[in-house]
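J.: just need the structure, nothing else, for what follows:
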Amino acid sequence: MALSTYTDLRTAVLGWLARPGDPLVAPAVPDMVRLFEAEANRRLRTIDAERHAVLTMDTNGFMVLPQDCWAIRSVALNGLQLQFMPPGSEVFSQPGGSPRYYSLLGYNQGAEDGQGGQWLEFWLFVGPTAGGTIELMYQVGVPPLGATRPTNWLLETHPDAYTFGTLAEAELYIGHDERAPMWLQRRDAVFASIEAFDRKTRWAGPMQIRAHGIQTSAGSASGGAAPAPVPLPVAEAAVRVVNPFSGALVVMLAGERALYVAGGPRAALTIWLPPAEPDMLVEISFANPVTALTIADAGAAPLSPPENAYGPGAGLQFRYLETGWVYWA
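T.: The predicted model follows:
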């Protein structure tokens, strides 16, 4: 059976559930699809969903985001990467100079232009500006399927994600099904595979391994107190894969920009970000949940807010700004 359109997907889901044509289940399948899309939007940030736009700002530094913008990846002016600052920051009221920062504002245009609803604008301003153009890299997320959108990038490239992701949402509606755990595991495995492929695409190149540090057990044989955490072996690679024990400390190296935490669930884990470089972006992703996750800078200073219970397939981004590392949603 083909899986290229929204109709194909609904038919396939009813077939997998052994409920083809069931008048009680069929009307609920669109809801199951939408619930899966909500989960996919929270977990996937891939190059397939990335778009480029050139926006023109007015003399006050305002511009309207593309309607399909789900999340901002980067903002540049004349090749210079701009840094995010919250609305109302002092940097936006400094006189003179060239724009170096941007912020996001919600603005409801209402009926004044016939559009209605809420449009997002982002505000870029450092002192007086005479307007200009901005290069924007952004994520479209997973556009919801429907009668007017029969397909999207995720269904076209990863139909298995849609199939097993929708089936994983079905049990709450149809009741207990012994296959549900397998569908859930397959969905999470597909998410992890998509993210792994995306990392290879973004940081292509041969892997070069160089070990550093030592690894110790979580406790002592004599029954004494557990030793202080020490750095685990690390490797210099485009994407470093680690499998630490629960409660361990993982230290990222200078210049390292991507870390993948493999292995099973963990009660606790601490990760130190690498020594910072200007405008450096670091991505950390997880194969399974970490109940208590602590992220700190290279000097062991914890970052705020703490990011807990990440995985499977979840990812974090941190960017180094002039004020230090910040969580980059």
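
J.: quick check, central residue of this protein?
T.: residue 45 (4.3 Å; C-alpha atoms, centre = their mean).

J.: quick check: closest non-adjacent residue to it.
T.: residue 139 (5.9 Å; C-beta to C-beta, 6 or more residues apart in numbering). Backbone N, C-alpha and C define where each C-beta goes, glycine included.

J.: now swap in residue 285 and tell me
T.: residue 315 (4.0 Å).

J.: same deal with residue 48?
T.: residue 153 (4.9 Å).

J.: residue 318: what's it in contact with?
T.: Going by C-beta atoms under 8 Å, 6 or more residues apart in numbering, residue 318 touches 273, 281, 282, 284, 295, 303, 325, 326, 327, 328.

J.: where along the stretch 101-250 of the chain do the strands fall?
T.: 101-107, 119-123, 132-139, 240-242, 249-251 (DSSP state E, counting those that start in this stretch).

J.: work out for me the element the spatially closest residue to residue 250 that is not a sequence neighbour sits within.
T.: Leaving aside its chain neighbours, residue 250 sits nearest to residue 271 (4.9 Å; criterion: C-beta to C-beta, 6+ apart). Using DSSP states H and E, the element containing residue 271 is strand 266-272.

J.: follow-up on the earlier one: isn't the residue nearest to residue 48 up against residue 47?
T.: No - Residue 153 is beyond contact range of residue 47, at 10.1 Å (criterion: C-beta atoms under 8 Å).

J.: out of the two, which sits in the more crowded spot?
T.: A count of neighbours by other C-beta atoms under 10 Å puts residue 153 above the other of residue 153 and residue 47, at 15 against 12.

J.: follow-up on the earlier one: how much space separates the residue nearest to residue 45 from residue 201?
T.: 15 Å (C-beta to C-beta, to the nearest Å).

J.: same thing with residue 7?
T.: From residue 7 over to residue 201 (counting by C-beta to C-beta), the distance is 30 Å.

J.: swap in residue 135?
T.: 21 Å.

J.: these two: which is more packed in?
T.: residue 135 (17 against 11).

J.: neighbours around the nearest residue to residue 154 once chain neighbours are set aside, how many?
T.: Spatial nearest neighbour of residue 154, excluding adjacent residues (C-beta to C-beta, 6+ apart): residue 142 at 5.1 Å. By other C-beta under 10 Å, the residues close to residue 142 number 25.

J.: for residue 157, same thing?
T.: Residues near residue 157, counting by other C-beta under 10 Å: 12.

J.: pull the contacting residues for it.
T.: Contacts of residue 157 (C-beta under 8 Å, 6+ apart): residue 48.
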